[in-house]
Structure formats: C-alpha cells, structure tokens
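Engineer: Build me a model:
(one chain, ligands or ions: 1)
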Amino acid sequence: MEKRSWAEPYRIKMVELLKMTTLQERKVAIKEAGLNTFLLKSEDVYIDLLTDSGVGAMSDRQWSGIMMGDEAYAGSRNFYHMRDTIQDYYSYKYTVPTHQGRGAENILSQIMIKDGDYVPGNMYFTTTRLHQELAGGHFVDIIIDEAHDADSEHPFKGNVDMDKLDKLVAKVGADKIPYVCIATCVNMAGGQPISMENLGEVKSWCNKHKILLVHDMTRVAENAYFIQQREKGYQDKTVKQIVYELCALTNAATMSSKKDAMVNIGGFLAMNDEALYEKSCELVVVYEGLHTYGGMAGRDMEALAIGIKESVQDNHMQARVGQVEYLGEQLLSEGVPIVKPIGGHAVFLNARTILPHIPQEQFPAQALAAALYVESGIRSMERGAVSAGRDHDTGKNFMPKLELVRLTIPRRVYTQAHMDVTAESVIRVMKNADKVKGLKFTYEPKMLRFFMGRFEEVS
Ligand SMILES: *Cc1c(COP(=O)(O)O)cnc(C)c1O
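Structural biologist: The predicted model follows:
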C-alpha cells in the first residue's frame, strides 16, 4: 500500500525547553508520587503523554485571539463569536460555556436525570459516569462487544449495539431513560470511532422512543476523520462537513474543548431545545458563572472559537491522527501488544499481555505506567481497574476487560523523534517486564481514585 505522509501543516516558531533527568532522579520522583503518574511534577517529565487534554499547542492565530479578549462580566464579544462558531461548525443553536467538559456534564446530569434513571452510553467515561451517578442515575454500557476486545480490528469500535438498547428499554421502559449519551471517538475504548450509519440508527431509535440524544463531542473531529477514511460514501467529504453531519444527528452536546479544539481550558453545553437552554442557564450561574462566560475568560472563548475552525481542517487531522498511527505502527512492528485499530488520540498498551505475571487485582497497567516513567521519563496514564473504580452500589472493584496504559499524544506538540524515543522506551520496558511488580493502594480516594490514589509494590 502506498504510504500516506502525515507531515505537519505548520512550522515551529517558539519552543519550550525540557529538563532531562537521571534514572536515579526518576526513581525518587515516582516514589514520592506514590507510583501514580498523575502525582509527578511536570518538571520531572521528559515526554508528557499523560493526556491530550488542555496540552495542545495553540496557533499564532489563537494567541492573537488571546490578546483580543473582551473581559466584560456580561455579554463579551468573544462569547458571541464562540456561540456563532459552534452553531456554524457544530450545528447547535444554543451554547452555555463551562470551565471544562465536566462542568457541562454536571449541569446536564442535574437537569435531566431523576433518581433511579438509566443512562445508556457507548462505554463509560470517568467524569461522565460519576455525574450521572451523583444525579441518581445508573450508567448502562451499550457499546458493541468488539470494543472490549483489544485485538478486534473492527473499524468502528465506538458503535452502539442496537440490541443492547432494545433490551434496556424493554427492561426499564423509555420513561426511565432521560437521554442516550453517545461519545464520538470513544476515549475509554482506545480512541475508537462510531460510524455515521450507526449514529443514524441510534438517532432513529431515540426518535421512535422520544428520548433525547446527547453527544459527548470531545473528539468529534477525530471521529470525522476516521469516517472519511473508512466509511463508504464519505471519501469525498471534508472533515468539516462530516463533523457538522455528526453533530446535526444529535440534540445536545457536552464538550471538553481542551481536546479537539486545542485550548488550555474551556468547554460548553450546547443544544437546540430552548427549554433545556433556559434550565441550563439557571444552573450555570450557580456552578460556573454568568451564562455568557460560564467558567471561561473572554480571551479563552476567543481562542476556542479559532481552535474549532482549525480543528476541522483536513490537513490538520491527517497530521494529528497520522502521528498517532506512526507511533502505533512502530510498536506493532516490534510486537508490542496495543489496542487495534490504532486510535485517534492515543496508543493504548495492553498491560495484561505485557505483564502476564501480575493479576488484575494488583493493577498491572498502573505498574506499567510507573515503570515506563522510571525507564525514560515518559509519562503515560493507567486506563484499567484503577480508573474503573468501584461499583457505586456494591462497593466492589470493577474489573474491566481492558487493562491499558494510554500513551496520549498532545496536538501539535511533539515531533517524530519524540515518537521514536517513546517507542524505543516501551520496547525496553517490555524486555524487562518480568522485573515489574504488582501494586496495592496505600491511599484510595472515594471518587475518581485514579487521579490522587497512592500505591506501593506488593512484596
Ligand atoms: C476529557 C473528557 C471529558 C471531561 O472533560 P474535562 O474537560 O476533562 O472536564 C468528558 N468526556 C470525554 C470523552 C473526555 O475525554
């Protein structure tokens, strides 16, 4: 097959110098961090692949936008620019700014969910599910089974299993389902897209049952790119057109603009329904700020509006996803077990296979992330049993099928050489995998425990 070049459609005009650390320094740092990469100091990290959230490089145009901030308390010019951009690019008529994605999730969950409701979604996301539960709801996973299989090469592992939706409605009734929440480019499944065809089926299903369809649109542009590459009939459409079409199938959306839209902070809740908008405005003033800024500064809303426009450019997405694929293919060629197909924002290492001697109760993915940091100063993140947490009702640990380490690629930040070093380091850790030990909690937070939990090695 002819190789598709993913070279960056930009050049670098400012650089940020990094501190290089020694093996001894890294051993001390990870111990102080309780073997949790979230608790490392950023200064002690060489290549930071913890997340793609809020860590993208803004363009010169976005930085110019920062200087154009209208910091009026009410009715900032930047809000209207952002609102109009969201309507033009994402189709939604009303926008409520929030400080980031979870601010939008909180407001939506509080308005829509009643005690004892069920909220189906194509795999859980940590903050999304927590807000649903805090509002009294139960999350129900309706993603296709292939999504839970790291080796399945299904091109649309973010798809919904319509049978699972039918079974749920038969069991609990449509009036117990306030909305269906569909993520594009499903994070926890490994950055895997949903097809336009499948989203269309979900839309018809929701129409039939008169249930709202909510879009977790954090990575909608990456999803659109995969549709362009993989789905019949979309080869000649632009990412921009596909993004609009995806959004237009849904009724409302929560957005963490720290991802696709390449800003350091920000998010929003958007919708077409006026009554939902009014209720959201009532709550946003309680939790976030006035409805024309939410938790955002005027300058950040301006940078976000510009970032949305840049995020849907075909050449941007080709380089963005191309870089992730470049890393993934290097690892595959060396026999490293990763989630396939390679995702849109990250490469996910299969910790079960790399560390078969560590039982899941001893958190192999957490141990692997710590080992990778010590080896090379590369920071990754656990996405396995630690992230999955405990069952809200029984208090038992969830034991997800996927026990992964995520190497998340920030947008427009690192070079091909950084990807080479990353691949070399992963391979070195894998060669010494038998030396990695299982872990146990020394401190376990009650909610979102992966952020601040601390661990020690099991002797
Ligand atoms: C990051 C993320 C969120 C939450 O957004 P924050 O800006 O981190 O609060 C919600 N859903 C998905 C799929 C995400 O990746």
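Engineer: Do a quick rundown of the strands in this structure.
Structural biologist: Taking DSSP state E to define them, one finds strands in the chain at 47-48, 94-98, 118-121, 138-141, 179-183, 212-216, 252-256, 267-271, 346-350, 378-379, 381-383, 404-408, 439-443, 454-457.
Engineer: what sits against Arg129?
Structural biologist: Applying CB atoms under 8 Å, 6 or more residues apart in numbering, one finds that Arg129 lies in contact with Gly121, Phe139. Every C-beta, even on glycine, is put in place using the N, C-alpha and C of the backbone.
Engineer: Just the local confidence number for it, please.
Structural biologist: pLDDT for Arg129: 95.
Engineer: Repeat that for Cys206.
Structural biologist: The model's pLDDT for Cys206 equals 98.
Engineer: before we move on, what about Lys3?
Structural biologist: 66.
Engineer: burial of the closest residue to the ligand within the stretch 351-459 of the chain, as a residue count?
Structural biologist: Nearest residue of the stretch 351-459 of the chain to the ligand, counting by CB to the nearest ligand atom: Thr408, 9.9 Å away. Around Thr408 there are 24 other residues, counting by other CB atoms under 10 Å.
Engineer: which residues sit in contact with it?
Structural biologist: Leu49, Leu50, Thr51, Asp52, His345, Ala346, Ser380, Met381.
Engineer: can those go into CSV with extra columns for pLDDT?
Structural biologist: CSV is the format used below for the contacts of Thr408 (pLDDT from 0 to 100):
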residue, pLDDT
Leu49, 98
Leu50, 97
Thr51, 97
Asp52, 97
His345, 97
Ala346, 97
Ser380, 98
Met381, 96
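Engineer: Tabulate the residues you listed (JSON lines), appending neighbour count.
Structural biologist: Formatted as JSON lines, the contacts of Thr408 follow (neighbours: other CB atoms under 10 Å):
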{"residue": "Leu49", "neighbour count": "28"}
{"residue": "Leu50", "neighbour count": "21"}
{"residue": "Thr51", "neighbour count": "19"}
{"residue": "Asp52", "neighbour count": "27"}
{"residue": "His345", "neighbour count": "24"}
{"residue": "Ala346", "neighbour count": "27"}
{"residue": "Ser380", "neighbour count": "29"}
{"residue": "Met381", "neighbour count": "23"}
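Engineer: Helices of the stretch 51-200 of the chain, start to end?
Structural biologist: Per DSSP state H, counting those that start in this stretch, the stretch 51-200 of the chain carries helices over the ranges 60-67, 77-90, 101-112, 126-134, 162-172, 196-209.
Engineer: likewise the stretch 251-400 of the chain?
Structural biologist: Using DSSP H, counting those that start in this stretch, the helices of the stretch 251-400 of the chain run over 274-287, 298-311, 314-333, 351-354, 364-376, 385-388.
Engineer: among those helices, which is nearest Glu222?
Structural biologist: Of all the helices of the stretch 251-400 of the chain, helix 314-333 sits nearest to Glu222, with 6.3 Å by CB to CB.
Engineer: Could you tell me which residues make contact with Ala183?
Structural biologist: Contacts for Ala183 (CB under 8 Å, 6+ apart) come out as Gly121, Asn122, Met123, Phe125, Thr128, Gly158, Ile194, His215, Asp216, Thr218, Arg219.
Engineer: Find the closest residue to the ligand in the stretch 1-150 of the chain.
Structural biologist: Closest point on the stretch 1-150 of the chain to the ligand, by CB to the nearest ligand atom, is Gly101, at 2.4 Å.
Engineer: Phe363 versus that residue, what's the distance?
Structural biologist: Applying CB to CB, to the nearest Å, the value for Gly101 to Phe363 is 26 Å.
Engineer: Look at those two and report which has more neighbours.
Structural biologist: For Gly101 versus Phe363, the count of surrounding residues by other CB under 10 Å is larger for Phe363: 30 against 25.
Engineer: pLDDT at the residue nearest to the more buried one when sequence neighbours are not counted, what is it?
Structural biologist: With CB to CB, 6 or more residues apart in numbering as the criterion, Phe363 has its nearest non-adjacent residue at 4.8 Å, and that residue is Leu439. Note on Leu439: pLDDT of 97.
Engineer: Got phi/psi on Gly137?
Structural biologist: Main-chain torsions, Gly137, degrees, to the nearest 10: phi -90, psi 170.
Engineer: got a list of what it touches?
Structural biologist: By CB under 8 Å, 6+ apart, Gly137 lies in contact with Ser109, Ile113, Lys114, Gly116, Asp117, Tyr118, Val119, Pro178.
Engineer: check contacts around the third one.
Structural biologist: To tie it back to what came earlier, the one meant is Lys114. Contacts for Lys114 (CB under 8 Å, 6+ apart) come out as Gly136, Gly137, Pro178.
Engineer: Run through the chain and note the low-pLDDT ranges.
Structural biologist: 1-4 (pLDDT under 70).
Engineer: For Gly190, give me its contacts.
Structural biologist: Ala150, Lys157, Val339, Gly343, Ala346, Phe348, Leu402, Leu404.
Engineer: need the residues of the stretch 1-150 of the chain near the ligand, please.
Structural biologist: By CB under 6 Å from any ligand atom, the residues of the stretch 1-150 of the chain that approach the ligand are Ser53, Gln100, Gly101, Arg102, Phe125, Thr127, Thr128.
Engineer: Only whichever of the residues you listed are buried, select them in PyMOL.
Structural biologist: For the buried members of these, the matching PyMOL selection, counting by 16 or more other CB atoms under 10 Å, is:
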select buried, resi 53+100+101+102+125+127+128
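Engineer: would you list the residues of the stretch 1-150 of the chain next to the ligand in a markdown table and tack on distance to Leu269?
Structural biologist: Formatted as a markdown table, those follow (distance: CB to CB, whole Å):
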| residue | distance to Leu269 |
| --- | --- |
| Ser53 | 18 |
| Gln100 | 11 |
| Gly101 | 9 |
| Arg102 | 11 |
| Phe125 | 15 |
| Thr127 | 14 |
| Thr128 | 13 |
